[in-house]
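> 3D, please:
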Amino acid sequence: MTDVNEHEGGERDDDIVAAEYVLGVLPDAERTRIARRIEEERAFAMLVAAWEERLSGMNEAFGEERPPSDTFGKIEDRLFAVDPVHKKANAGLWTSLVFWRGLAVASFAMVAILAGTLVMRDIGTGVAREDVVASLAAEDSDATFLAVKAPDGNIRITRTGGVEPPSGRSHELWVIVADRDPISLGLVTPEGTTSTVLPSDIARLPDDALTLAVTLEPAGGAPEGKPTGPIIAAGHLRKI
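Alright, predicted model coming up:
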């Protein structure tokens, strides 16, 4: 399939960059560049300091949250509703309760950090902006991703942990909605941030009705637009 995603072009909002720096989700090369900006640009350094103050101590305010007992079955069925043999072969991480416990802890921890902080004001405009986030993770996988959904349906996803896909393979992003086949949102680039857009009918749905998942696919993406797995990370969108 054709990669419909592309690297973020142009300059990102400095407030978002500062938040990503404090959260530690930037690739090493970009983090080094941002560290130089902090030393050289007083205004940007003040943004970073403000985010450090906002985020300090927030983890202690949130406890562990586990997904509903039927979550595993629902997402697995949406991704691999082909036949029992195919489903069993690709189940992988999804057959383990440990996976779901790890997913709940990892994704909720990141969302908890972000809660109440990404409802921010555009610099110089004073206009409030509300974002939706998803932390994609699994306890039995070292791959982690952070996705941010803007009000216009644009999704920016960054690989925040784990190794790049092996040679001949690609990471592919999917959105899962009840009673519908999973929809590919394209490939996730190994480095930096990938930008994609939800289909308009999906973007209009409640955010908590959407689940994002990343699978390891053949180079160029899943054949025929259907996931083949394995699933390396997943997470629910949460409005904050």
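> Just the mean pLDDT for stretch 178-196, thanks.
Mean pLDDT, stretch 178-196: 90.
> Report the buried residues of it.
182, 184, 185, 186, 187, 188, 189, 193, 194, 195, 196 (16 or more other Cβ atoms under 10 Å). Quick note: C-beta positions are derived from backbone N, CA and C, even for glycine.
> Please narrow the residues you listed to those residing in strands.
Counting by DSSP state E, those place 184, 185, 186, 187, 188, 193, 194, 195, 196 in strands.
> okay, those residues in CSV with distance to residue 223 next?
Listed next are these as CSV, based on distance: Cβ to Cβ, whole Å:
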residue, distance to residue 223
184, 11
185, 17
186, 15
187, 14
188, 18
193, 26
194, 21
195, 24
196, 19
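> farthest-separated two in those?
184 and 193 (18.3 Å; Cβ to Cβ).
> and of the ones in strands among the buried residues of stretch 178-196, the nearest to residue 51?
residue 193 (17.7 Å).
> and that closest one, how far is that from residue 220?
20 Å (Cβ to Cβ, to the nearest Å).
> Likewise for residue 53?
44 Å.
> Of the two, give the one with the bigger neighbour count.
Counted by other Cβ atoms under 10 Å, residue 53 and residue 220 do not tie: residue 220 has more neighbours, with 14 against 10.
> Would you mind giving both backbone torsions of the more buried one?
Main-chain dihedrals, residue 220, degrees, to the nearest 10: phi 90, psi -10.
> Could you report the separation of it from residue 186?
For residue 220 relative to residue 186 (Cβ to Cβ), the value is 11 Å.
> ok so, going back, which one of the buried residues of stretch 178-196 is nearest to residue 213?
Once Cβ to Cβ is applied, the member of the buried residues of stretch 178-196 that ends up nearest residue 213 is residue 182, at 7.5 Å.
> So the residue lying closest to the closest one once chain neighbours are set aside: helix, strand or coil?
Excluding the flanking residues, the one nearest residue 182 by Cβ to Cβ, 6 or more residues apart in numbering is residue 174, at 4.5 Å. Classification of residue 174 using DSSP: H, G, I helix; E, B strand; the rest coil returns strand.
> Surely residue 174 and residue 181 touch.
No: using Cβ atoms under 8 Å, residue 174 is not in contact with residue 181; the gap is 9.8 Å.
> Walk me through the domains of this structure.
The record assigns the chain these domain ranges, following automatic domain parsing: 12-56, 66-239.
> between these, which gets the lowest average pLDDT?
domain 66-239 (a mean of 73).
> At which residues are the helices of this structure located?
Along the chain, counting by DSSP state H, helices occupy 14-23, 28-40, 42-55, 71-79, 84-91, 97-114, 200-203.
> got a list of contacts for the shortest one?
It stands for helix 200-203. With contacts defined as Cβ atoms under 8 Å, 6 or more residues apart in numbering, helix 200-203 is touched by 152, 153, 175, 177, 183, 197, 210.
> Run through the residues that contact the second one.
Right, residue 153. Taking Cβ under 8 Å, 6+ apart, we find residue 153 in contact with 197, 198, 200, 202, 203.
> wait, which of these is closest to residue 42?
Nearest member of the contacts of residue 153 to residue 42, counting by Cβ to Cβ, is residue 197, at 35.5 Å.
> hang on, isn't residue 217 packed against residue 174?
No: using Cβ under 8 Å, residue 217 is not in contact with residue 174, being 9.9 Å away.
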